[in-house]
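[1] 3D, please:
(2 chains)
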There are 2 protein chains.
Amino acid sequence: MRICVLGGDGYCGWATALYLSKQGHEVSVVDNFLRRQWDHELGVQTLTPIQPLSDRLRVWQEVTGNVIESFAGDVTDYEFLASVIESFQPEAVVHFAEQRAAPYSMIDRKHAVFTQVNNVVGTLNLLFAIRELKSDCHLVKLGTMGEYGTPNIDIEEGYIKIEHNGRSDVLPFPKQPGSFYHLSKVHDSHNITFACKIWGLRATDLNQGVVYGTVTDETALDEGLINRLDYDEVFGTVLNRFCVEAAAGHPLTVYGRGGQTRGFLDIRDTVRCVEIACLNPAAPGEFRVFNQFTEQFSVLELAQMVKAAAKTLGISANVEHIPGPRVESEQHYYNAKHSKLIDLGLRPHYLSDSLLDSLMNIALRYQDRVDASLFMPQVQWRNPRNARRRDSLAVSAAVSTDGRR
Amino acid sequence: MRICVLGGDGYCGWATALYLSKQGHEVSVVDNFLRRQWDHELGVQTLTPIQPLSDRLRVWQEVTGNVIESFAGDVTDYEFLASVIESFQPEAVVHFAEQRAAPYSMIDRKHAVFTQVNNVVGTLNLLFAIRELKSDCHLVKLGTMGEYGTPNIDIEEGYIKIEHNGRSDVLPFPKQPGSFYHLSKVHDSHNITFACKIWGLRATDLNQGVVYGTVTDETALDEGLINRLDYDEVFGTVLNRFCVEAAAGHPLTVYGRGGQTRGFLDIRDTVRCVEIACLNPAAPGEFRVFNQFTEQFSVLELAQMVKAAAKTLGISANVEHIPGPRVESEQHYYNAKHSKLIDLGLRPHYLSDSLLDSLMNIALRYQDRVDASLFMPQVQWRNPRNARRRDSLAVSAAVSTDGRR
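    Okay, the predicted model is just below:
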C-alpha cells in the first residue's frame, strides 16, 4: 500500500520507512530535519554516524532497488503538508513528526511551548489535510504509554468501562502525563478522537512504550543505512543509555530508587507494529488505541540486566542511584494491557542477552564518539531553566575529577 | 485581596472585574482587545453599545471612586505577561483571556489552530510566570462544562473514583469535548494539573456552564458600564440569543430536536463564584475543579421558557427546529454535580421570569441594533470552511424573502 512516513529521518521513522519499503509498500518520507538541528542545539550527537537523508535513500535504492520518495518540509506548514498528501495520495500516514523527548520539553518555557505548539499544530494540520484531500486515508499516529501515567488501576488500551452510581459508559482512559511533551501527546489524542467523530476519519493511536535497540534487518544491510542511537540525557531512552554507559565504563545512572516501571519494546517490533496497524486500518469514524509495547520492566531491573550482560563481555558496570530529575513515583503499581497488536499477529522480540550484547557491541565499536558528560541529567522538572551547557561543563569537570572517564 | 483579571474587557471578565472591585479588592485588568477585533472580523456587534475600556474604567472610577488598573497586551506574549505579574503582584489571577466560542474554533483550520495555540500558550505562559515570579499566587482558571461532553454516567467535579479489576484510584474525569475550542480547555486542564503537581502551584479550574444575562448590580450603575450582549451564532450563547430573537420577532432557533442538556448560570453568579474561588484558594500543589453552574436545562426547555416569557410581554415567539450545525447528541443522559461552590457559600440566582423579562427588555430597548441575519448557524462542524460572510448574505436574503424581518 501507499504509506507516507512523517518524521522518516528520525530514530523510529527511519527504521519504519525501510521496513515498510522492504515489505513491498510504496513509501515516502517527510522530514524537516529538526531532530538533527536539536543535536546541534544540545551539543550532542548520535553514537552511530548516520548519513544525510539523501545519501541514506540513495544507498537504500542501490542495495534493494526500492525507491523511497522524500519531501523536505515541516508539517506545521499546512500548504507544504497538503501538497504532500495531494501529490502522494497515501492510503496510510504514519505520524512520527513530533518533538518526542520529555526532557527537551522541560528545558524551559520556550521549549515547553515549542513542543506543544509543534506537536499539536502538526497533528491538527494533518487531520485537516486528510479530511480535505484524502478522507479515507488511515492516520497511524504515534502516541506514548506515558499518556496514562501510573494510575493505581490496570491500564487499558485507550478506553475503560466505568460503572458509577448505577450507570455505566465506556470512556477515554483518564490521562496523567508526566511532562509537557507527554501532555502534547494527550492533547493530540483528544484532538484526533474529535476529528474521527465529527468527520468520520479513521485513526489508530499507537501508545508506544520506551523503544530500545538500533539495528533492524534493513539498517543492517549497509553501513550507510545505520540508524541513530541516542544516549544523552535528553534524547537517549533508558536502556540504550545504560548500554552505552556500560560500554564507556560509566556507572549506570538510575534515577532515584529505580522502581519506575514502564512498557518497553524492541525497535524491530516498532516497525512491525506500524505495518500491522496499516494493514488492518481503523474503520471510518473509529479512533482506535493500541498499547504498543511487549514487556514491562522497572528501571532498576533494566540496570541489573545490563550489568549482568556487561559482565559476560568482561565489563564491570556499577549501578549508581542519582537524584531523579523528574517528578514521578519511584514505587508504584503498573499493569498495562497490550494484547491488541498481539491479536493482530505481532510476534514480539523479547529483551534478551543477545540484544544487550549487540547493543553493547555497537557502543564499544563507536566508543570514541561517546561523550560521558551527556549521561547525567541536567534538565530538572522542578526547575526548568535553560542553563544546560554550563551545567554540562560542570558535570563533565566533576566526572573527570572523580576519575570516571 | 489583589486580583488580576485576564480578559477583563470581555463579557464575563468585565462583570467580574467590576464585582471584585466593588467588594473592595484591588483589581487590575489585562486585555488585548481581540474580542472586539473578532466582532469586526465576523461583521457582528454586541447588542448593547459598550464603551472602550479606558472610558469604562474612567466611569467606574467616577461612579465608585475605585480605581481598576489596566494593562493592554497579549498573554501569549510572555515578556508582557511577566511584567504584569511582576508589577501588580497579584494574590489571585483570574484567567478569562482565551478564545471562548466553539463555533469560532470550527470556522476553518486557521481558526482551530489559532484557538488552540492562543489558549494553550497563554495558559502555559501564565503557569511559568506564576512559578517564576509569584509562586504563591492562586490561579483561578475558567474552564468549561463542555470539557466533559455528555457521558452516560454522572459527571463529577473534576475527578472520579474508578474501581477496576479489584483495584481503585481517583483519576481525572474522562473528557469528551465537542469542539476545537472545548478541546483547548481540556488541554489547559491537563497542563495546569501537571504544573500544580511538579511546581506546587495552586489552581482552581472553574468548569463553567453556559452563562446568561448581562446586567449585574455593578454594570447597572451607569450606562457607560454596560456589558456586552452577544446574540450572533458564533459568540451568542443560547439563552441570550433566544431572548434577542424573541424581541426581534424572529423564531427561536433550536438546533435539531433541542434535547441537548447543559448546565447554565446567571452572570451574577459567575462573578460571585470567581470571588468565592479567590477567597478560598486551593492549597499549594492542589489542582481543584469546581463545576460552575446552577441549573440544568435542555435547549428546548429554554426555548419554551422564553416563548412563555415573551407571551407575557405581548410577543408571540415561535420555536423553529433547524438542522443542528454541531455534531452532538440531541437526546442523552446528563447529570452533573455542582455542590462545591454551594458548599463555599454560593446562593444562586435561578432562572426566573423576571430575568427573562429583563433580558427581553434590553433586547427591545436596543432592537434597532439587531441584525437578524446573525441568528442562523453558518459554521458547520462537519464542513469547516470560511465562507461565512457569503452564507450570511444568503441567509439574510432568505430571511427577507420569508418576510421574517
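
[2] tell me which residues in the biggest helix by length in chain A are buried?
    Longest helix in chain A, counting residues (DSSP state H): helix A:109-133. By neighbour count on 16 or more other C-beta atoms under 10 Å in any protein chain shown, the buried set for helix A:109-133 is A:109, A:111-133. (Each C-beta comes from the backbone N, C-alpha and C, glycine too.)

[3] What of stretch A:22-37?
    Of the residues in stretch A:22-37, those buried under the neighbour-count criterion (16+ other C-beta under 10 Å) are A:22-23, A:25-32, A:34-36.

[4] Inside strands: which ones of those residues?
    The subset of those located in strands under the criterion DSSP state E comprises A:Glu26, A:Val27, A:Ser28, A:Val29, A:Val30, A:Asp31.

[5] Can I get the residues you listed in JSON lines including distance to A:Ile322?
    Formatted as JSON lines, these follow (distance: C-beta to C-beta, whole Å):
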{"residue": "A:Glu26", "distance to A:Ile322": "47"}
{"residue": "A:Val27", "distance to A:Ile322": "41"}
{"residue": "A:Ser28", "distance to A:Ile322": "43"}
{"residue": "A:Val29", "distance to A:Ile322": "37"}
{"residue": "A:Val30", "distance to A:Ile322": "38"}
{"residue": "A:Asp31", "distance to A:Ile322": "34"}
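
[6] Let's have the residues you listed in CSV, adding pLDDT and distance to chain B.
    Formatted as CSV, the entries for those read as follows, by pLDDT from 0 to 100; distance: C-beta to the nearest C-beta, whole Å:
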residue, pLDDT, distance to chain B
A:Glu26, 98, 27
A:Val27, 98, 27
A:Ser28, 98, 22
A:Val29, 98, 24
A:Val30, 98, 18
A:Asp31, 98, 21
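
[7] ok, so of the buried residues of stretch A:22-37, who is nearest A:Phe297?
    Proximity of the buried residues of stretch A:22-37 to A:Phe297, judged by C-beta to C-beta, is greatest for A:Arg35, which lies at 26.1 Å.

[8] How about the contacts made by the nearest residue in space to A:Tyr19 that is not next to it in sequence?
    Setting aside the residues directly before and after it, A:Tyr19 is nearest to A:Val271 in space (C-beta to C-beta, 6 or more residues apart in numbering or on different chains), at 3.7 Å. Contact analysis of A:Val271 by C-beta atoms under 8 Å, 6 or more residues apart in numbering or on different chains lists A:Cys12, A:Ala15, A:Thr16, A:Leu18, A:Tyr19, A:Leu20, A:Thr216.

[9] what's the answer for A:Asp9, then?
    Under the criterion of C-beta under 8 Å, 6+ apart, the contact partners of A:Asp9 comprise A:Val29, A:Asp31, A:Phe33, A:Arg35, A:Arg36, A:Leu53, A:Arg56.

[10] Show me the residues you listed that map onto helices.
    Using DSSP H, A:Arg35, A:Arg36, A:Leu53, A:Arg56 are the members of the contacts of A:Asp9 that sit in helices.

[11] Relative to chain B, how far out is the second one?
    Between A:Arg36 and chain B the computed distance is 25 Å (C-beta to the nearest C-beta, to the nearest Å).

[12] what do you get for A:Arg2?
    A:Arg2 sits 24 Å away from chain B when distances are taken as C-beta to the nearest C-beta.

[13] which residues does that residue bridge with?
    Beta-bridge pairing for A:Arg2 (DSSP bridges): A:Glu26.

[14] now the angle from the longest helix of chain A to helix B:109-133?
    For helix A:109-133 against helix B:109-133, the angle by axes from the mean of the first three to the mean of the last three C-alpha atoms, to 10 degrees is 170 degrees.

[15] which strands and helices sit next to helix A:109-133?
    Here helix A:109-133 is seen to pack against helix A:78-88, strand A:92-95, helix A:102-105, strand A:138-144, helix A:180-199, helix B:109-133, helix B:180-199 when contacts are counted using 3 or more C-beta pairs under 8 Å, 6 or more residues apart in numbering or on different chains; DSSP states H and E.

[16] Any idea how many residues pack against A:Asn383?
    Other residues within reach of A:Asn383 by the criterion other C-beta atoms under 10 Å in any protein chain shown amount to 13.

[17] Check A:Asp188 too.
    For A:Asp188, the tally of surrounding residues (other C-beta under 10 Å) stands at 27.

[18] Which residue is the nearest non-sequential neighbour of it?
    Skipping the residues right next to it in sequence, A:Asp188 comes nearest to A:Thr123 by C-beta to C-beta, 6+ apart, at 4.6 Å.

[19] any idea how far chain B is from that neighbour?
    10 Å.

[20] how about the strands of the stretch 201-350 of chain A, start to end?
    Counting by DSSP state E, counting those that start in this stretch, one finds strands in the stretch 201-350 of chain A at the ranges A:202-208, A:210-212, A:252-255, A:261-266, A:287-292, A:295-298, A:319-322.

[21] Of the ones you listed, flag the one that's most buried.
    Between those, strand A:202-208 has the highest mean count of neighbours, a mean of 26, where neighbours are mean count of other C-beta atoms under 10 Å in any protein chain shown.

[22] For the stretch 201-350 of chain A, which residue gets nearest to chain B?
    A:Val327 (4.3 Å; C-beta to the nearest C-beta).

[23] which residues does that residue contact?
    With contact set as C-beta under 8 Å, 6+ apart, A:Val327 has these partners: A:Gly178, A:Trp381, A:Arg382, B:Lys197, B:Ile198.

[24] For the last one, list the residues it contacts.
    Contact partners of B:Ile198, counting by C-beta under 8 Å, 6+ apart, are A:Val327, A:Trp381, A:Arg382.

[25] got a markdown table for these, with pLDDT too?
    Compiled in a markdown table, these are given as follows (pLDDT from 0 to 100):
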| residue | pLDDT |
| --- | --- |
| A:Val327 | 96 |
| A:Trp381 | 97 |
| A:Arg382 | 95 |
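
[26] Tell me the one of those residues nearest A:Arg365?
    A:Trp381 (33.9 Å).

[27] Going by secondary structure, that closest one is in what exactly?
    Secondary structure assignment for A:Trp381, by DSSP states H and E: no helix or strand.

[28] so who does it touch?
    Under the criterion of C-beta under 8 Å, 6+ apart, the contact partners of A:Trp381 comprise A:Met106, A:Ser179, A:Pro325, A:Arg326, A:Val327, B:Ile198.
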